[in-house]
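Participant: Requesting a structural model of the entry that follows:
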Amino acid sequence: MKTQFKIMNRIQCLYPWSESRVGRPRCSVFVGAVRKRVFLFLGLQSRLQEAEMENLTALDQFCLNLRYLARQRNSDPELWPKEVEKLSRGFIRGKRPLGLLMNEEANGDEVAAIADLTGIEPDTLRVAPLYHEEPLDLQNLRFLKSEIEHGHHERVAEAIGVTKFQLSRWGEKVKAPHPNNVRKLLKYHGIDPDIDLKVVPLFLSLERISGFAQKRWLLQRLEELPVAEVTAFYPALRRILRRNEKG
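Facilitator: Okay, the predicted model is just below:
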């Protein structure tokens with residue numbers, strides 16, 4: 001239990017975008033990203049993902065519903081706190097939207113504010129899984145496809161052993177892909193292939209769990225980093241990346 005608690009604390013520390021909104025220096029944000037890469041190269045990737053998946057299945061129903069409603073308005077998790085503020089017509093603001101998205105307990109007034117705009121009963125928001133209106137595996141497959149880098153779908157399909165057309169139909173209400181192919185897709189994303197897509201709502205994760213999304217985030221932050229600050233991280237990045245090449 002202590003080990004699991006430490007892992008969960010690490011995951012909470014790996015939300016650099018959320019911390020940057022409350023004044024965390026950009027340099028420290030990038031340090032957080034580098035720290036995560038170090039963890040991954042030390043062999044903790046599977047443990048981090050396992051803890052993240054456990055976190056998703058342990059969240060309060062209102063928290064998951066709030067994420068779902070925010071995602072319907074914008075697929076980018078970084079913007080979900082802003083969408084929560086909009087969903088409450090500004091009643092929920094400041095750090096509170098992010099807190100609710102990270103499973104802080106909502107009070108009656110906050111639930112009522114969301115219910116007022118969405119037209120969903122407060123009790124429904126608290127206990128009914130809104131995201132179950134459609135099978136989770138279909139939503140998860142569409143999410144995984146959307147995370148693939150533009151222009152890489154054919155390459156991913158080839159690696160899995162299917163055609164680009166077959167891959168494009170995954171997540172639709174047609175014949176489900178073979179379980180082995182789903183495992184290959186998860187593995188290609190760098191996600192634990194044993195995750196049950198019918199149970200775990202990957203698309204509601206605040207963390208970037210796909211390797212494609214993680215790479216995009218790192219490249220974007222590196223591009224934004226002042227040149228003078230790059231020198232502070234270059235030696236560590238060089239060692240990490242060279243180790244990866246040798247592996």
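Participant: Pull the number of nearby residues for residue 87.
Facilitator: 23 (other CB atoms under 10 Å). Any C-beta I mention is one placed from the backbone N, CA and C, and that applies to glycine too.
Participant: show me what contacts it?
Facilitator: 66, 69-70, 73, 113-114, 117-118 (CB atoms under 8 Å, 6 or more residues apart in numbering).
Participant: and if we set it to 6 Å?
Facilitator: Contact partners of residue 87, counting by CB atoms under 6 Å, 6 or more residues apart in numbering, are 114, 117.
Participant: quick one: low-confidence ranges for the chain?
Facilitator: 1-54, 244-247 (pLDDT under 70).
Participant: From residue 60, how far out is residue 88?
Facilitator: According to CB to CB, to the nearest Å, residue 88 stands 17 Å off from residue 60.
Participant: do residue 108 as well
Facilitator: Counting by CB to CB, the gap from residue 108 to residue 60 is 14 Å.
Participant: same thing with residue 120?
Facilitator: Applying CB to CB to residue 120 and residue 60 gives a distance of 16 Å.
Participant: Likewise for residue 222?
Facilitator: For residue 222, the distance to residue 60 - CB to CB - is 35 Å.
Participant: what's the answer for residue 90, then?
Facilitator: Taken as CB to CB, the span from residue 90 to residue 60 is 23 Å.
Participant: Those two: which is more packed in?
Facilitator: residue 60 (15 against 9).
Participant: now stretch 102-122: how far from the chain's centre is it?
Facilitator: On the basis of CA atoms, centre = their mean, to the nearest Å, stretch 102-122 sits 23 Å off its chain's mean C-alpha point.
Participant: Quick one: end-to-end distance for that stretch.
Facilitator: 19 Å (CA to CA, to the nearest Å).
Participant: Please work out which residues outside that stretch touch it.
Facilitator: Against stretch 102-122 from outside (CB under 6 Å, 6+ apart): 59-60, 62-63, 87-88, 91-92, 100, 125.
Participant: Please check those residues and keep the buried ones.
Facilitator: Buried by 16 or more other CB atoms under 10 Å: 59, 62-63, 87-88, 92, 100, 125, out of these.
Participant: okay, now the domains of the protein?
Facilitator: The record's domain parsing of the chain by automatic domain parsing lists 2-59+209-246, 61-132, 134-204.
Participant: pull the longest helix from the chain.
Facilitator: helix 227-246 (DSSP state H).
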